[in-house]
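**Q** Quick one: sequence plus predicted model below, questions after.
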Amino acid sequence: MSASTYDRKKVRRAMLIAPAASLLGVIPFFLQLNLTFGQFIGACLFVLILAYVGGLVVGGLGYLILRALGISESRYLIAYAVLFVVLVALLYGDVYVLVSFGPPVLLAAAAFCYLRGSGADSEEVSNSSA
């Protein structure tokens, strides 16, 4: 199994944009709250800040660990996100955590994997540079 390498520029761009996708998983909850426009924007900004901090701490740490292990393909990153959501649900002891916490985390992980793109095998990169 050869390790995949990814374009650093695409990875950086994916790290900057992907947490914003988690907002799509939270907006349905906001629609039921009957918020004013200002409150809605304020709540969205609060969720974005939480998403970026959480993505940096949890997502970044997981990505660095998986990259160090050489298994940073998309399927492993999504599996890491799923395991994280299940672990949080087990720690809280509430099944509804899966409904409220799962979609934002999985949307952010999927957006990261999509924006990062597919990786080239290390052998292909070394052959193309020669």
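**A** Done, it's in.
**Q** can you pull the contacts of the residue nearest the centre of the chain?
**A** Central residue of the chain (Cα atoms, centre = their mean): Ala109, 2.7 Å from the mean position. Contacts for Ala109 (Cβ atoms under 8 Å, 6 or more residues apart in numbering) come out as Ala18, Gly59, Leu77, Ile78, Tyr80, Ala81. All C-beta spots, glycine's among them, are computed from the backbone N, C-alpha and C.
**Q** Other residues contacting stretch 79-88?
**A** Stretch 79-88 is contacted by residues Val58, Gly59, Gly62, Leu66, Val97, Leu98, Phe101, Gly102, Val105, Leu106, Ala108, Ala109 when judged by Cβ under 8 Å, 6+ apart.
**Q** biggest separation within those, which pair?
**A** Leu66 and Val97 (23.3 Å; Cβ to Cβ).
**Q** For burial, what's the neighbour tally of the spatially closest residue to Val58 that is not a sequence neighbour?
**A** Spatial nearest neighbour of Val58, chain neighbours left out: Phe84 (6.4 Å); criterion: Cβ to Cβ, 6 or more residues apart in numbering. By other Cβ atoms under 10 Å, 18 other residues sit near Phe84.
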